[in-house]
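Visitor: Structure, please.
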Amino acid sequence: MKVTVVGCSGSYPGPDSPASCYLVQATDALRTWSLVLDMGNGALGALQRYVDPLQVDAVFISHLHADHCVDMTSYYVLRKYHPTGSQPKIPVWGPKGTAKRLAKAYDLPRKPGMKEEFSFRVYDEPIEIGPFRIEPYEVDHPVPAYGLRISAFGKVLAYSGDTGPTPALLDIAADADLFLCEASFRSCDDNPPSLHLTGAEAGEAATKAAVKRLVVTHVPPWHDAQTIFAEAESAYDGPTELAAQGTVYVL
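Guide: Numbers count the residues shown, from 1 in each chain. The predicted structure is shown next:
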């Protein structure tokens with residue numbers, strides 16, 4: 001399984017990265033399968049460096065804040081009007097109301113909205129696509145939001161999405177080979193509850209879940225990322241990295 005950081009800037013795009021987007025790929029006896037986790041501001045442009053957008057097999061939207069989904073409006077244009085002709089629908093998983101929200105974001109009528117380009121589905125049971133198994137877990141955020149546990153060929157990628165501290169993180173990340181965990185807050189600040197994690201909380205979750213590698217992501221550009229990274233590193237005694245646009249992890 002290969003994981004490419006397409007975008008990792010928290011809350012809005014930064015000078016060095018689009019907002020949240022991750023490309024997850026694996027090759028079986030048939031072909032290479034490509035999943036996209038989130039499609040935040042600016043993500044579609046960067047995604048094209050790593051995969052043909054017409055070769056994406058499915059998209060998973062963790063929640064409906066713009067920094068995780070708004071570039072689906074551009075992806076809709078690409079698939080609808082591409083000069084090679086009509087493109088097959090691909091599945092898009094997300095919280096309830098994803099189809100309606102994305103149609104509204106592009107000022108489309110609710111029917112058909114984007115339903116001729118995408119097959120919208122709501123998170124429920126575990127999902128099987130090619131060699132992948134994707135398990136969604138509801139996390140703690142002001143809107144319905146999900147973290148994802150993705151496995152293939154005996155390896156596990158855990159993705160926190162956006163969340164405050166929640167026991168669900170331990171289910172998502174248990175023994176994961178790679179834990180992409182958001183850390184948007186600093187411990188020294190008076191942070192609102194049920195919104196995001198501090199660097200220390202990300203490290204603590206990684207420790208409790210016994211993950212093999214922690215990658216701290218979703219740091220907003222208004223913070224010094226090294227401060228949040230240092231918190232995470234102090235709370236987790238294992239390989240720890242700060243997410244950077246273009247980094248590739250092979251599990």
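
Visitor: Low-confidence ranges, the stretch 101-250 of the chain, go.
Guide: Judged against pLDDT under 70, the stretch 101-250 of the chain has no low-scoring part.

Visitor: where along it do the helices fall?
Guide: 168-173, 199-209, 225-235 (DSSP state H, counting those that start in this stretch).

Visitor: Please convert those helices to a markdown table, extending it with mean neighbour count.
Guide: All C-beta spots, glycine's among them, are computed from the backbone N, C-alpha and C. Listed next are these as a markdown table, based on neighbours: other C-beta atoms under 10 Å:
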| stretch | mean neighbour count |
| --- | --- |
| helix 168-173 | 22 |
| helix 199-209 | 23 |
| helix 225-235 | 19 |
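
Visitor: and the ones you listed as TSV, adding distance to residue 90?
Guide: Listed next are the helices of the stretch 101-250 of the chain as TSV, based on distance: least, C-beta to C-beta, whole Å:
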stretch	distance to residue 90
helix 168-173	24
helix 199-209	31
helix 225-235	33
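
Visitor: Looking at those, spot the one closest to residue 113.
Guide: Proximity to residue 113 (C-beta to C-beta) singles out helix 168-173 among those, at 30.1 Å.

Visitor: And the contacts of the closest one?
Guide: 135, 137-140, 147-149, 158-160, 163, 179, 181, 205-206, 208-209, 211 (C-beta atoms under 8 Å, 6 or more residues apart in numbering).

Visitor: Which ChimeraX command selects the buried ones in those?
Guide: In ChimeraX syntax, the buried subset of the contacts of helix 168-173 is picked out as below (16 or more other C-beta atoms under 10 Å):
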select :135,137,138,139,140,147,148,149,158,159,160,163,179,181,205,206,209,211
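
Visitor: residues contacting residue 116?
Guide: Per C-beta under 8 Å, 6+ apart, neighbours of residue 116: 80, 89.

Visitor: Please report how far it lies from residue 84.
Guide: Look at residue 116 and residue 84: by C-beta to C-beta, to the nearest Å, they are 16 Å apart.

Visitor: what about residue 88, which SS state?
Guide: Here residue 88 is recorded as coil under DSSP: H, G, I helix; E, B strand; the rest coil.

Visitor: Would you point out which residue is most central in this protein?
Guide: residue 37 (3.9 Å; C-alpha atoms, centre = their mean).

Visitor: Now do the same contact list for that one.
Guide: Residue 37 neighbours (C-beta under 8 Å, 6+ apart): 20-24, 60, 62, 148, 159.
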